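Colleague: fold the following.
(chains A and B)
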Amino acid sequence: MMRRQIPLALCFIFGVFMTIQYFIPHHSVADMQERILMWLQTLLAFAFLLGTVSLIKLHYHKIRNRADDRAYSFVALAGLLTMIGLGFFHPSHNLPGSPFSQMFLNVQVPIEATMFSLLAFYIASAAFRAFRARTLEATLLLVAASIVMLGRVPIGDLIHEGLPQATRWILEVPNLASKRGVMIGVGLGMMSTALKIILGIERAWMGGGD
Amino acid sequence: MTMKLLRSLTFLAVVSLAVCACAQDARPDSSAAMSLDTVPPAPITCLEARDYVDNSDAGDKIHITWSLSADDGGGMSDVASYQLWRSEGAEAGWDSLGVAAAGQTSYLDETAEPGVDYYYGVAAFDGVNYSEQTSFGPVAGRTNFFQKTRVSVLVLMLVFFGMVLVFTKLAERGADLFVRRIPGLNAIEEAVGRATEMGRPVLYVPGIGEIDNIMTIASLTILSHVAKITARYETPLIVPTARAVVMSAAEEVVKEAYAAVGKPDGYNPDNIRYLSDAQFAFAGAVNGIMLREKPAANLYMGAFWAESLLLAETGFEAGAIQVAGTAMVSQLPFFVTACDFTLMGEELYAASAYLSREPKLLGGLKGSDWMKVLSITIMATGVIIYLLNPDNAFVAWFSSQ
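Modeller: You can find the predicted model right below:
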């Protein structure tokens, strides 16, 4: 019983406080809000340890159970332990050019950049599928996308001087109007969800039930 | 004849020399006029000073506003700056407070003592002379307990909360509340059923938002419903997370959901995984799960950024049935393109009520719908009124908040 009531009470107290502080400009309330956000940061830092333990446990189990893909687990654990070792125990870990920063700059950053660059190819393949003019909606999408793409590159202006203006109109009128429509719905949905959680009407985030 | 010509030329030369001499004399005269400018600029008008309320109000700020001197941008157009003074009494001396550039019509005094009455003086300065000083006072800074500029937000919020609570009460009393069909949410159970038939797991990605993101919380409520379905069907549910706190919350949600349907033993803690906080490392790891563990159904619900298409396109290539839901407008086109069903914007927040069909939650949905009707009415009225009269109080009340 208490296991549910305490989180619900805390949720109510802090939820109400964070809502009303928006309307109370007094500096003591602003200080309190800042303090609560600091608590949140502290909680997140501790939770990070939980995440690391979970990661190690998962890959350890895979290696111990001789899972088919355990080679990846070896690589993940080796990377994790190497970076922890270099970060905690290397004397110059926080200096530029240290093995820690070298590993970060020369391994992590290029790998992440590679993943990000793959997005260009993914967009191309997704766009190819989306632009097949099988229905009226897909045809409209194809036409609008063609105008916008051509209007955004220098050759568009050479093909027809009205293309950049048409692009701007598509982006600023129908596109922006639809975006704002979605945003209004999103805003109301967020407020409604927040209210239901603060008042304890919505409890599924705690695993559901009463 | 020659003599006449010579006399004319001599006369012309004398006249030219005299003109040049006058011109020479005129030059020092103009610089003298500059240094001897005795005409002060016109004074400022409409000086006002008010207590300034910001988000951390300690009563130490006073906002001073005025209308430009007639010689700033017009008239002599020689105003260089505005000098501000402050006094603690009508009879007390003036202390210099600061300088505002020409063209500026406001200044924020951030050094006021709360509760002390101040008088403010402002004069235009042209580099040589000060205009006549204009004064205003007394005014005191106070610590405020209510942000008056947010009245319209408060009123609309209370109206909205009232609607949600009224419809929740109505629903509790058994009122029949119609909710339109949302194909994306109906597809979730079909997707889990398909995974069960194929003997493959279900992958649920709760986005990469932190736990304080409302989309992540909405996602956890949907996860609870999905976990109950997978628990009933005895289908493995994999939940990769990018945030450690979300992982802890997801563990609790899934464990409770398995217990709620009487299958606590079906819960596998190894399936709720923390992968990485790094956006693309997370995307790479989830793609790895899709390709190695081959889930038959991929559900993406929550806050996504650039990784959305990396995930959805990989899932598409892997042949999984995919349902996505996000309120990130910029990512919706990617999900619409690569997924079988997409919950757009508010549908993500409606999911919990729709799936559970709990009257109390459905009441919240109805409240949102009526608030939308009210918002559209206010916007349409505002547009019409603004077109008829831009200085209308109705428009000012909403736009100043």
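
Colleague: check whether the helix or strand hosting residue A:187 contacts chain B.
Modeller: Assessed by DSSP states H and E, residue A:187 sits inside helix A:176-198. Yes. Under the criterion of CB under 8 Å from any CB of the partner chain, helix A:176-198 makes contact with chain B via A:179, A:182-186, A:188-197. Every residue, glycine included, has its C-beta placed from N, CA and C.

Colleague: of these, keep whichever come out buried.
Modeller: A:184-186, A:188-197 (16 or more other CB atoms under 10 Å in any protein chain shown).

Colleague: got the phi/psi numbers for residue B:73?
Modeller: Per-residue torsions, residue B:73: phi 90, psi 0 (degrees, to the nearest 10).

Colleague: does it touch residue B:103 like I think?
Modeller: Yes. Using CB atoms under 8 Å, residue B:73 is in contact with residue B:103, at 6.7 Å.

Colleague: who does the helix ranked longest in chain A touch, helix- and strand-wise?
Modeller: Identified as the longest helix of chain A according to DSSP state H is helix A:27-64. Using 3 or more CB pairs under 8 Å, 6 or more residues apart in numbering or on different chains; DSSP states H and E, the elements in contact with helix A:27-64 are helix A:2-20, helix A:70-89, helix B:244-260, strand B:272-274.

Colleague: from the contact counts, what lies against the last one?
Modeller: Which is strand B:272-274. helix A:27-64, strand B:237-241, helix B:244-260.

Colleague: which element follows it toward the C-terminus?
Modeller: helix B:279-293.

Colleague: same question for the second one.
Modeller: Toward the C-terminus, helix A:70-89 is succeeded by helix A:99-103 as the next helix or strand (DSSP H and E).

Colleague: avg pLDDT for that next one?
Modeller: The average pLDDT within helix A:99-103 is 91.

Colleague: so which elements touch that helix?
Modeller: helix A:70-89.

Colleague: the helix holding residue A:187 vs helix A:2-20, what angle?
Modeller: If you take axes from the mean of the first three to the mean of the last three CA atoms, to 10 degrees, helix A:176-198 sits at 130 degrees to helix A:2-20.

Colleague: who are the packing partners of helix A:176-198?
Modeller: Helices and strands touching helix A:176-198, as assessed by 3+ CB pairs under 8 Å, 6+ apart, comprise helix A:2-20, helix B:151-172, helix B:214-233, helix B:346-356, helix B:359-388.

Colleague: and the residue in the stretch 101-250 of chain B positioned nearest to chain A, what does it touch?
Modeller: Nearest residue of the stretch 101-250 of chain B to chain A: residue B:244, at 2.9 Å (CB to the nearest CB). Counting by CB atoms under 8 Å, 6 or more residues apart in numbering or on different chains, residue B:244 touches A:44, A:47-52, A:54, B:274, B:277.

Colleague: look up the closest residue to residue A:171, ignoring the ones flanking it.
Modeller: residue A:148 (6.8 Å; CB to CB, 6 or more residues apart in numbering or on different chains).

Colleague: please, which helix or strand holds that neighbour?
Modeller: Using DSSP H and E, residue A:148 falls in helix A:136-151.

Colleague: starting at the chain centroid, how far to that helix?
Modeller: In this view, helix A:136-151 has its centroid 28 Å away from the chain centroid, taken as CA atoms, centre = their mean, to the nearest Å.

Colleague: quick check: next helix or strand after it?
Modeller: Downstream of helix A:136-151 (by DSSP H and E), the next one is helix A:154-159.

Colleague: got a list of contacts for the helix or strand following that following helix?
Modeller: Using DSSP H and E, the helix or strand that follows helix A:154-159 in sequence is helix A:163-170. Outside helix A:163-170, the residues that touch it by CB under 8 Å, 6+ apart are A:144, A:147-148, A:150-152, A:156-157.

Colleague: one more time with 6 Å, if that's ok
Modeller: A:144, A:147-148, A:150-151, A:156-157 (CB atoms under 6 Å, 6 or more residues apart in numbering or on different chains).

Colleague: put the alpha carbons of that helix into PDB.
Modeller: Coordinates of each C-alpha in helix A:163-170 appear next as PDB, following Å, rounded to 0.1, in the frame of the first residue of the first chain:
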ATOM      1  CA  LEU A 163      10.700  27.800 -57.600                       C
ATOM      2  CA  PRO A 164      12.300  29.400 -54.500                       C
ATOM      3  CA  GLN A 165       9.200  31.400 -53.800                       C
ATOM      4  CA  ALA A 166       7.000  28.300 -54.200                       C
ATOM      5  CA  THR A 167       9.300  26.500 -51.800                       C
ATOM      6  CA  ARG A 168       9.000  29.200 -49.200                       C
ATOM      7  CA  TRP A 169       5.200  29.300 -49.600                       C
ATOM      8  CA  ILE A 170       5.000  25.500 -49.100                       C
END
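
Colleague: can you check the pLDDT for the residue nearest the centre of chain A?
Modeller: In chain A, the residue lying closest to the centroid (CA atoms, centre = their mean) is residue A:116, at 14.1 Å. The model reports residue A:116 with a pLDDT of 94.

Colleague: secondary structure class of it, three-state.
Modeller: In three-state terms, and counting by DSSP: H, G, I helix; E, B strand; the rest coil, residue A:116 is helix.

Colleague: pick out the residue in the stretch 151-300 of chain B sitting closest to chain A.
Modeller: residue B:256 (2.2 Å).

Colleague: can you get me a residue count around that residue?
Modeller: 21 (other CB atoms under 10 Å in any protein chain shown).

Colleague: which of the helices and strands packed on strand B:272-274 is buried the deepest?
Modeller: Of all the helices and strands packed on strand B:272-274, strand B:237-241 has the most neighbours on average by mean count of other CB atoms under 10 Å in any protein chain shown, namely a mean of 25.
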